[in-house]
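Chemist: Using only what follows, build the 3D model:
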Amino acid sequence: MNLAEYKKETIREKLGIGNEFGRIFSAIDFGNVDYWFDKDEWDDKGNKIPAGDKLVVSIEKLCIFCSVFSNQKKFYFGLDHRKEKSIHLIRLARENFGKTNAVTKHIQYIKHYLSDAEADSSTRSINYDLNGKYVHIKKCNFDVEICVDAIRLMDKYDTICLFSGDADFARLLGYLKEKGKKVILIRGGFVLAELIRHTDLEISAQKIKSELTVLKSELGSKKQKSRL
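Modeler: This next block holds a predicted model:
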């Protein structure tokens, strides 16, 4: 066993991902994953994160981590042509996961009209038209795409590993369990019991912080020039 194989075995053992899980398909709901460590005050070594810095999920590290146990993996994230960050993330996802495994679609902006009380407390940029005050709310989830792929690829995996804490996936996981599939759930914060009860293995994002994150400065001197 070489060093790379030893590291994979060590990570799998640490997480409890044994051979009983068979072939694993990982579905990454990155719109959920991207915010997992936003409010963390400590890095993976227990050091206080300096003011102005924050932990971000590295696309490259995420892909490497998934490859430790996944036979196939797909990355789902919305594309916003207005934002350079969004275009950059999709490019990195395609470079690391492969073009066909980086699933994307355009983000839509929906008008949400505000009451006077909502307008007074809103932290969003407020716009006006003949119908009143409104804010733009982003709409772009991948519930349908992930569900379709999970069912379409059922013959090619024994276990689905879902990177998300979205309770909307509870019905999908329940259906897959009925079909004899195992479920690994990797989640950020609190998730509903309805989602947990369908899982065979639950992994907190905090447990794999060192495998996923890099430190980035918000002040201009970046510890990482890109999200890798």
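
Chemist: For the chain, which segments count as helices?
Modeler: 3-15, 30-33, 59-67, 84-97, 116-121, 143-152, 170-178, 193-196, 209-212 (DSSP state H).

Chemist: Of these, which shows the lowest average pLDDT?
Modeler: Ranked by mean pLDDT, these bottom out at helix 116-121, with a mean of 70.

Chemist: burial count for residue 182?
Modeler: When counting by other C-beta atoms under 10 Å, one arrives at 18 neighbours for residue 182. No exception for glycine: its C-beta is placed from N, CA and C like everyone else's.

Chemist: same thing with residue 163?
Modeler: Residues within reach of residue 163, counting by other C-beta under 10 Å, total 28.

Chemist: can you pull the contacts of it?
Modeler: 26, 27, 28, 29, 30, 32, 33, 186 (C-beta atoms under 8 Å, 6 or more residues apart in numbering).

Chemist: could the residues you listed go into a markdown table alongside distance to residue 15 and neighbour count?
Modeler: Formatted as a markdown table, the contacts of residue 163 follow (distance: C-beta to C-beta, whole Å; neighbours: other C-beta atoms under 10 Å):
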| residue | distance to residue 15 | neighbour count |
| --- | --- | --- |
| 26 | 13 | 26 |
| 27 | 17 | 26 |
| 28 | 16 | 30 |
| 29 | 19 | 23 |
| 30 | 20 | 23 |
| 32 | 19 | 20 |
| 33 | 16 | 22 |
| 186 | 9 | 25 |
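
Chemist: quick one: the nearest residue to residue 160 once chain neighbours are set aside from residue 145, how far?
Modeler: Spatial nearest neighbour of residue 160, chain neighbours left out: residue 25 (5.3 Å); criterion: C-beta to C-beta, 6 or more residues apart in numbering. Taking C-beta to C-beta, to the nearest Å as the criterion, residue 25 is separated from residue 145 by 14 Å.

Chemist: Who has more neighbours out of the two?
Modeler: A direct count of neighbours by other C-beta under 10 Å for residue 25 and residue 145 places residue 25 higher, at 21 against 16.
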